[in-house]
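J.: Please find the sequence and the predicted model below.
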Amino acid sequence: MKQGRFLSFPERSFLLIVKPLKRPVIIDQLEALSRRLPPRHPRYGKIVNDLGGYRSGYAGEKHLLYTLRSFAERPDLNFLHNVRLLQYGYHFETDLMILSRHQHIFLESKNFKGRLEFDGETGQFTRVDADTGERQVFRQPLLQVQSHRDDFTGWLVKQKLSAEVPIEAYAVLTHSQAFLDPASMDKSMAGRLFRSEVLPQRIQKLLGQKTGVCLTDVQLQAICDRILLMDRPLKRNVLSTYGIPQSDLITGVRCPACSQIPMLKRKTKWCCGRCGFTGNSETVLPPTMRDYALIVSEYLTKKQFMNFCHMENGPQASYYLRKQRLQMKGGTKGAVYCLSDLLK
Ligand SMILES: [Zn+2]
């Protein structure tokens, strides 16, 4: 089945992933940025630390999907990962929505390791690192997903779509070494914040309940279609997010084999001084231009290309850009090349 296509009810015979789980682009962006900053750079440590957090979050979401594999045969469930919608002037993003004709389920996964403490009064959520004893405060995931649920209800009303179906919101702890401190749990969290092992039972129980509401296939399809239309994935400008001037970046062609920067130009080939890899423009330039698209901009001029790739020969640079078959705006002079195809 082609992912992302909504099928009418009789056609559906297995898990329907309306919007599949994809590796978040911020991971690619921070990987590219960390490769192009010297380790002694003042923001380097923060970037590497944040990168670890995003990788861990993605691992948690993959685990969540694995946990739900037993629902793969249900034709009535529609899975949408990482939907980001605008409501009340702000965007909200949900890790996983499971939509059906009788009820919707919102899931927020947290891949935290260590002892997790919750304060129902203040909404404070603290992680105590098992090794170092260090305490860190985070957003309380259940309050977070419940807030997204309320935003979504408002969004459905605003979109003039059916908002009668009940929406359950759960926060799921996906790390095998997450210890949920039972003494810190209050009634509002019971049955709504739990480890991932419990999730299939909870979903099964929920799906067995009669809600008294039933959308038609057409109504459910309209909701899924509108979500896909209005979904606005976040792409950050990482240089401004971390307050890094572009001039701090290590420029030059990056070796596709070992990531050494810069590669050395030898006539029509580039050579890596570290691992000995040798390649032509079709092989070595796309990864470097992808770095530019992830860190700086999805558009670049010939001059920017020459600066970033340390090229001095203008006609040769034009030749290489033409060979990349990039989308182009403007005439030969002042042309802007679009790098978005390199991010797919
Ligand atoms: Zn190399």
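T.: Alright, I've got the coordinates. Remember, predicted model here, so these are calculated numbers, not experimental data. Numbering: from 1, shown residues only.
J.: care to break this protein down by domain?
T.: In terms of domains, the chain is parsed into 9-230, 251-343 (source: automatic domain parsing).
J.: anything in the longest one near the ion?
T.: Meaning domain 9-230. No. Using CB under 5 Å from the ion, we find that domain 9-230 stays clear of the ion, coming within 12.3 Å at best. C-betas here are computed from N, CA, C, even on glycine.
J.: I'd like the domains of the chain laid out as CSV, including mean pLDDT and mean neighbour count.
T.: Converted to CSV, those look like this (pLDDT from 0 to 100; neighbours: other CB atoms under 10 Å):
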stretch, mean pLDDT, mean neighbour count
domain 9-230, 90, 16
domain 251-343, 92, 16
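J.: how about these, which one is nearest residue 239?
T.: Taking CB to CB as the criterion, domain 251-343 is the member of these that comes nearest to residue 239, at 6.5 Å.
J.: Let me know the outermost residue of the protein.
T.: Relative to the mean C-alpha coordinate of the chain, counting by CA atoms, centre = their mean, the farthest residue is residue 267 (40.1 Å).
J.: Can you pull the phi/psi pair for it?
T.: The phi/psi pair for residue 267 (degrees, to the nearest 10) reads phi 50, psi -110.
J.: cool, residue 178 as well?
T.: Note on residue 178: backbone dihedrals following degrees, to the nearest 10 are phi -90, psi 120.
J.: Distance check, it against residue 278.
T.: 47 Å (CB to CB, to the nearest Å).
J.: Residue 300 now?
T.: Residue 300 sits 25 Å away from residue 278, going by CB to CB.
J.: same question, residue 317
T.: From residue 317 across to residue 278, the span is 20 Å (CB to CB).
J.: longest helix in this protein, by residue count?
T.: Looking only at the chain and at elements set by DSSP state H, the helix with the highest residue count is helix 44-67.
J.: for the stretch 1-150 of the chain, what spans make up the strands?
T.: In the stretch 1-150 of the chain, strands defined by DSSP state E, counting those that start in this stretch lie at 16-19, 78-87, 90-99, 104-110, 114-119, 124-128, 135-138, listed in chain order.
J.: Touching the second one from outside, list them.
T.: I take that to be strand 78-87. 6, 15-22, 24, 61, 65, 68, 91-100, 151-152, 154-155, 158, 220, 224, 227, 230-234 (CB atoms under 8 Å, 6 or more residues apart in numbering).
J.: show me the contacts for the nearest residue to residue 108 once chain neighbours are set aside.
T.: The shortest distance from residue 108 to any residue that is not its chain neighbour, by CB to CB, 6 or more residues apart in numbering, is 3.7 Å, and that residue is residue 145. Residue 145 is in contact with 94, 95, 106, 107, 108, 169, 170, 171, counting by CB under 8 Å, 6+ apart.
J.: Quick check: beta-bridge partners of the third one?
T.: Beta-bridge partners of residue 106, counted by DSSP bridges, are residue 97, residue 169.
J.: Tell me, how many residues neighbour the closest residue to residue 43 other than its chain neighbours?
T.: With sequence-adjacent residues excluded and distances taken as CB to CB, 6+ apart, residue 43 is closest to residue 242, at 4.8 Å. Residue 242 is surrounded by 19 other residues when neighbours are defined as other CB atoms under 10 Å.
J.: distance of residue 242 from the ion?
T.: Distance of residue 242 to the ion, given as CB to the ion, to the nearest Å: 27 Å.
J.: cool, and residue 197?
T.: As it turns out, when the distance is counted by CB to the ion, residue 197 lies 43 Å from the ion.
J.: can you check residue 192 too?
T.: Residue 192 sits 50 Å away from the ion, taking CB to the ion as the criterion.
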